[in-house]
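>>> What follows is a predicted structure for the sequence shown.
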Amino acid sequence: MKKSLFWRLGGGLLLLSAGWLPAQDTLDIGVRSSIELPTWKRPKPGTMPAADAQEGRLFILAPPERIHSLEKLVRPVNTEPLVEELWRQLVAHGFQPAAPGQTPDIVVTLHYGRGYLRNPYIDSYASAVDESTSTPTVMITVPTIDVKKIGMEEKIQRAQYEKLLLAVTAWKYVKPEAGRKQKPVRLWRTTILVDDPDHRDLNELAARMLNAGAGYFNSDVDKEAEIHEPMREGRVEMGEPVEVKRHENSTK
C-alpha cells in the first residue's frame, strides 16, 4: 500500500506520493544452502564434510546469468563488481582459482534476480519456483506446517514473499570429450535472499549479501539461516509532486 505525505505550500497543499517508507532499521538476509550428498553422508547443519574439506576447492567462474521473471529489477545489475565480489568471497573462504592450464575441481555459477522460492518451513507446497532454473512448478498437495516454534508463523509468511536473490552453485568439473554430452553434477548450492525486490537495488546490496552468505558455501543449512545487519541509511522513494488546490468556503 502506498503512503502519502502532505505539506502546506502557499495557497494549497503539496501531495507527495511515497511508494515506500522505511519500517526497519536492519537488513534481514536469509541464506539457504544444501550439499548434494546421500543422506547418510550429509554433515551436520552449518558444517563442512571433513572428507571434502580440501577437495573441490579449485574453481573457475562461469558468466553470471539473470533469473528470468515477469517483474523487472529496480535497476539493471552491473555484473562486473558482482563477479569480483563473488571471486573475493570464494578465495576468502578457502577456495582457489584454477591457474591457466590447471584442471579445476568445480565450476561456480551465479544466478541473480528476483523470484518466488519454495517455502522451507512447509513440507509440501502448492506453487514454487525451482531455484535452479526459476521454472514454475505446481504440486497439488496439502501443506504440512510446523508452527510449534516461537515466531514460526511469521517466518512462514515471510518465506512466501517474492525475494531478491543470489544463487551460487558449484558443479563438478567434467573434462569435455568430443562427441559426448556430459550430464552436469551439482555439488552444492547457496541461495542468499532479501525481501522487497520492488524497492531494493541489487547493485547496492549484492556485496553485503555475498559477505553474509559466503560462510555457508559448501554446507548444509536446516531450512534457512538468518543474518540481521544494521541499515546503513534510510530512504524514502517519492513520486511526482502534485498540487492540490484548497477549496475556499463560499459562504462567509
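Received it, and whenever you're ready, just let me know what you need. Computed from a predicted structure; not experimentally measured.
>>> most residues in a single helix of the chain, which one?
Using DSSP state H to define each element, the chain has its longest helix at helix 79-92.
>>> Check the gap between the nearest residue to residue 120 once chain neighbours are set aside and residue 190 for me.
Using C-beta to C-beta, 6 or more residues apart in numbering and skipping the chain neighbours, the partner closest in space to residue 120 is residue 223 (4.2 Å). (Glycine included, C-beta is placed from N, CA and C.) In this structure, residue 223 and residue 190 are separated by 14 Å, where distance is defined by C-beta to C-beta, to the nearest Å.
>>> thinking again about what came up before, which elements pack onto the longest helix of the chain?
Of the remaining helices and strands, those touching helix 79-92 by 3 or more C-beta pairs under 8 Å, 6 or more residues apart in numbering; DSSP states H and E are strand 58-61, strand 96-97, strand 106-115, helix 202-213.
>>> could you dump the longest one to PDB, C-alpha only?
In PDB, the C-alpha atoms belonging to helix 202-213 read as follows (Å, rounded to 0.1, in the frame of the first residue of the first chain):
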ATOM      1  CA  LEU A 202      20.600  -5.400  -6.100                       C
ATOM      2  CA  ASN A 203      23.600  -3.300  -7.100                       C
ATOM      3  CA  GLU A 204      23.700  -1.800  -3.600                       C
ATOM      4  CA  LEU A 205      23.000  -5.000  -1.700                       C
ATOM      5  CA  ALA A 206      24.900  -7.700  -3.600                       C
ATOM      6  CA  ALA A 207      28.200  -7.300  -1.800                       C
ATOM      7  CA  ARG A 208      26.600  -7.400   1.700                       C
ATOM      8  CA  MET A 209      24.500 -10.400   0.700                       C
ATOM      9  CA  LEU A 210      27.600 -12.300  -0.600                       C
ATOM     10  CA  ASN A 211      29.500 -11.400   2.500                       C
ATOM     11  CA  ALA A 212      26.700 -12.700   4.700                       C
ATOM     12  CA  GLY A 213      26.200 -15.900   2.800                       C
END
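>>> in the helix or strand following it, what's buried?
Along the chain past helix 202-213, the next helix or strand (assigned with DSSP states H and E) turns out to be strand 225-230. Within strand 225-230, the residues scored as buried using 16 or more other C-beta atoms under 10 Å are 225, 227.
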